[in-house]
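Undergrad: Got a predicted structure plus its sequence, pasted below:
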Amino acid sequence: MLLEILDMRLNHQRLALLHKLSLFSSNISTMASKNLFKFTAFPIPLTSSSQGRLFQTHGLLFTSFSSKPVSKICPFSLQTNGYSFNSHTNVPRPEEKRLDPLQFKMLKQKLEELGVDCQICVPGQDNQLLCPMCKGGDSSEKTLSLFVTQDGGSALWMCSCGWRGSTRAFADSSSSYDTSNQVTKVKKKREITEESLQLEPLCDEVLDYFADRLISRETLQRNAVKQKKFGDQLAIAFTYRRRGALVSCKYRDVNKKFWQEADTEKIFYALDDIEGQSDIIIVEGEMDKLAMEEAGIFNCVSVPDGAPPTVSQKELPPEEKDTKYQYLWNCKEYLNKASRIILATDGDPPGQALAEELARRLGRERCWRVRWPKKNEVDQCKDANEVLMFLGADVLKEVITNAELYPIRGLFNFRDYSDEIDAYYHRTLGYECGVSTGWSALKDLYNVVPGELTIVTGVPNSGKSEWIDALICNLNERVGWKFALCSMENKVREHARKLLEKHIKKPFFKARYAESVERMSIEELEKGKQWLSDTFYLIRCEDDSLPNIKWVLDLAKSAVLRHGVRGLVIDPYNELDHQRSVSQTETEYVSQMLTKIKRFAQHHGCHVWFVAHPRQLHHWVGSPPNLYDISGSAHFINKCDNGIVIHRNRDPEAGPIDQVQVCVRKVRNKVAGTIGDAFLLYNRVTGEFMDVDKPYGRR
């Protein structure tokens, strides 16, 4: 069966070869590029004629042209690069079996299991598909040739990457990978001349065609734009030259199909115009290059091929394997002398993908890019020729003059943040000077700014967690912020009690600590529970393992994006999993961890409070500890935006034992506060913190 399939395919290929030889006397390879010349300013209506297809522009008719002449003797369809050309003559075909729908369905299922997308396969023909093994390389080209027998029972395939195989609808598949096919054959470059290609000067009709696009006769003559006849059909010929010598030739038909002379060197169009230039411009098509000249810009070249659909995610291939962009390497002696390269590719996604691929190879540091203006109130110009046609030569020149630096990831200029700076000045961002804590004693010392990191420390039982809970309750009451709480030392029910007491300002229980204060009612409890649900989101690890900082920040990110959380509390540091590699010191680990927290805070505009205990103080005499006393690393004070020590008086002779000292030891942002101490009174019944000069409230 396999030999029968091979014999059928060989006969098919022999007929195709004879068909091609009857059409062309010179060696021309076809290439249909969907990404080149995506725009034609003035559509040319097609009219039928006994002499062939004609198209009209401003009352002038001239013979149209297609990407390939249509054969009058070929008995089957010739497919090239996705385009099919058919003869309508009745020539007897070889005897073929009828299509069996059932076995064709089974065959397609087997091919799909191999990763071959064969939904558009046609039995009895060569089908060009995307190879599931190599994915078409960097350019995502359809390099897999798949042949399905007329009855739909068998298939053969082969790709330029070396993958080949065969299968039958009701038999096992077999395939192999021939690495020898990966070696690119070195072909001898053809020498061509205008005479050998039979190029002609442009006729009046073609000149009018260019005139509609505001391209003058002088510009066409300077760039040696020609025409060529294929029988009774006509094609525009763009001649590619190096130092005046003809290197290659590219043809364009009325349907904007392109093809080039085979076995010729790939170079930029109008390469001689950038020789010795320090500033050069690269556009996506020959028409754009000609449009640039109409604006007085001559140091411009065009790429010879189309744009890729997307940017490749693969690493850059070596020079000898970078086939899609070989023209860059063939012209590197011209490009190496350029200190500034303006990428003026099309404004559509493929055009921008081309700009990125060029920048990757040329070096982003010397690349610039253009922003095409609007051609009307709605639509944007896509390329240089559209700007010339709709807005004029002066605007096109201005667009190139105003080209901007090609963005390099991580490298910016203050002008990139101009709008943000203006908003900061006019205080339209919100909370530029921070949100008040609600305590007048801290008004000038500490205000809460979104996107900052506050480290809170203090000796055990000094009220660090209680103070943070009171602070976030104040912030919610003042500006309605929501919070994510990663409080590993608190049971959920106990944490809920503490927050509810501060919010309702009544004790949760009728217990000894409540003294004579009335307990919160059932109605108050229910309202308080609703407030808890609306205000706080809990980050908790319910299994036996400890959470690491990445796990916490990932959940906090979800809380920010899903629920609009503006604050995150991580309490405390020593309850996290701090596993690190053997080669990493604790100081290095803490530095890396705090960097992650700061980036999270800045990126999401979320203030983070991080509680860290001090190391064991063997000689502690009752005074507030220092931020450098935090267990683990001095980076806690070095990397934070704000550093606060909470200290409770334990000596009745030194003052009230319910007095809490808030020591602001670091403030990076002087707009939000400064270093200093504030004193608050702690209400043990409700967990509230109050200014010293205010009534103490319920005791």
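TA: Good, I have the coordinates. Here the structure is a predicted model, which is why all the values come from computation and not from measurement.

Undergrad: which parts of the helix or strand harbouring Ser591 are buried?
TA: Element membership for Ser591 (DSSP states H and E) is helix 586-604. For helix 586-604, a neighbour-count test (16 or more other Cβ atoms under 10 Å) marks Tyr589, Val590, Ser591, Met593, Leu594, Ile597, Lys598, Phe600, Ala601, His604 as buried. (Glycine included, C-beta is placed from N, CA and C.)

Undergrad: how about the nearest residue to Ser633, chain neighbours excluded?
TA: Nearest residue to Ser633 in three dimensions, chain neighbours excluded: Val590, at 3.8 Å (Cβ to Cβ, 6 or more residues apart in numbering).

Undergrad: Quickly note the distance from that neighbour to Cys433.
TA: Distance, Val590 to Cys433, using Cβ to Cβ, to the nearest Å: 30 Å.

Undergrad: what do you get for Gly622?
TA: 35 Å.

Undergrad: ditto for Asp658
TA: For Asp658, the distance to Cys433 equals 31 Å [Cβ to Cβ].

Undergrad: Same check on Arg361?
TA: For Arg361, the distance to Cys433 - Cβ to Cβ - is 48 Å.

Undergrad: For the two, indicate the residue with more neighbours.
TA: Per other Cβ atoms under 10 Å, whichever of Arg361 and Cys433 has more neighbours is Arg361, with 16 against 12.

Undergrad: Then that one would be within a helix, right?
TA: Yes - per DSSP: H, G, I helix; E, B strand; the rest coil, Arg361 lies within a helix segment.

Undergrad: where do the strands sit along the stretch 501-650 of the chain?
TA: 536-538, 567-571, 607-611, 642-648 (DSSP state E, counting those that start in this stretch).

Undergrad: Each with direction, which strands does the helix or strand just after the longest one pair with?
TA: So the one you mean is strand 642-648. Where DSSP H and E defines the elements, the next helix or strand beyond strand 642-648 is strand 659-667. Here strand 659-667 is paired, per DSSP bridges, with strand 642-648 (antiparallel), strand 676-682 (antiparallel).

Undergrad: ok, back up a step: could you say which one of the strands of the stretch 501-650 of the chain comes nearest to Leu411?
TA: With distances scored as Cβ to Cβ, the stretch of these nearest to Leu411 is strand 607-611 (27.2 Å).

Undergrad: Any chance you could list what contacts the closest one?
TA: Here strand 607-611 makes contact (Cβ atoms under 8 Å, 6 or more residues apart in numbering) with 448-457, 464-465, 468, 471, 566-573, 597, 600-601, 640.

Undergrad: what's the average pLDDT for it?
TA: Averaging pLDDT along strand 607-611 gives 96.

Undergrad: Sheet-wise, list the partners of it with their directions.
TA: Checking strand 607-611 against DSSP bridges gives partners strand 453-457 (parallel), strand 567-571 (parallel).

Undergrad: could you check the angle helix 586-604 makes with the last one?
TA: Put simply, strand 567-571 runs at 160 degrees to helix 586-604, going by axes from the mean of the first three to the mean of the last three Cα atoms, to 10 degrees.

Undergrad: and strand 567-571, how far out from the chain's middle?
TA: From the chain centre to the centre of strand 567-571 is a distance of 32 Å (Cα atoms, centre = their mean, to the nearest Å).

Undergrad: Could you export it as CSV, CA atoms only?
TA: In CSV, the C-alpha atoms belonging to strand 567-571 read as follows (Å, rounded to 0.1, in the frame of the first residue of the first chain):
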residue,chain,number,x,y,z
GLY,A,567,-3.4,47.0,53.1
LEU,A,568,-1.6,43.8,54.0
VAL,A,569,-0.6,42.7,57.5
ILE,A,570,2.0,39.9,58.0
ASP,A,571,2.3,39.1,61.6
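
Undergrad: Mean confidence (pLDDT) on it, please.
TA: Strand 567-571 carries an average pLDDT of 95.

Undergrad: now do stretch 459-470
TA: On average, stretch 459-470 scores 92.

Undergrad: now stretch 389-398
TA: 95.

Undergrad: Likewise for stretch 278-289?
TA: On average, stretch 278-289 scores 96.

Undergrad: Bridge partners for Leu411, pull those for me.
TA: Ile408.

Undergrad: Test my guess that Gln361 contacts Gln326.
TA: Check again: residue 361 is Arg, not Gln. No - look at Arg361 against Gln326 with Cβ atoms under 8 Å: they stay out of range, at 10.9 Å.

Undergrad: Quick one: residues contacting the residue positioned nearest the centre of the chain.
TA: The residue lying closest to the centre of the chain (Cα atoms, centre = their mean) is Val311, at 8.8 Å. Applying Cβ under 8 Å, 6+ apart to Val311 gives the contacts Ala353, Glu356, Glu357.

Undergrad: Who are the contact partners of the second one?
TA: If you count contacts by Cβ under 8 Å, 6+ apart, Glu356 has them with Val311.

Undergrad: Ok, the last one next?
TA: In this structure, Glu357 makes contact with Asp138, Pro308, Val311, Ser312, Tyr325, judged by Cβ under 8 Å, 6+ apart.

Undergrad: which of the contacts of Val311 lies closest to Ala211?
TA: Ala353 (32.1 Å).

Undergrad: That closest one: neighbouring residues, count only.
TA: 19.

Undergrad: and it, what does it touch?
TA: Ala307, Pro308, Pro309, Thr310, Val311.

Undergrad: Any stretches of the protein with poor pLDDT?
TA: For the chain, applying pLDDT under 70 flags the ranges 1-97, 137-140, 171-187, 616-621, 694-699.

Undergrad: could you redo the last one with a cut-off of 50?
TA: By pLDDT under 50, the low-scoring segments of the chain are 1-3, 5, 15-95, 179-186, 696-699.

Undergrad: re the thing from before, pipe the buried residues of helix 586-604 into CSV and attach distance to Lys257 per row.
TA: Shown next, in CSV, are the buried residues of helix 586-604 (distance: Cβ to Cβ, whole Å):
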residue, distance to Lys257
Tyr589, 61
Val590, 63
Ser591, 59
Met593, 59
Leu594, 59
Ile597, 57
Lys598, 55
Phe600, 52
Ala601, 55
His604, 50
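
Undergrad: For Arg684, see how far away Lys324 is.
TA: Distance from Lys324 to Arg684, by Cβ to Cβ: 74 Å.

Undergrad: And the two? Which one has more around it.
TA: Lys324 (19 against 14).

Undergrad: Doesn't that one belong to a helix?
TA: Yes - judged by three-state DSSP, Lys324 forms part of a helix.

Undergrad: Confirm that Leu107 sits in a helix.
TA: Yes - counting by three-state DSSP, one finds Leu107 located in a helix.

Undergrad: does it really touch Arg168, like I thought?
TA: Yes - between Leu107 and Arg168 there is a contact at 7.3 Å, judged by Cβ under 8 Å.

Undergrad: list the residues that contact both of these two?
TA: The contact sets of Leu107 and Arg168 overlap at Gly153, Ser154, Ala155 (Cβ under 8 Å, 6+ apart).
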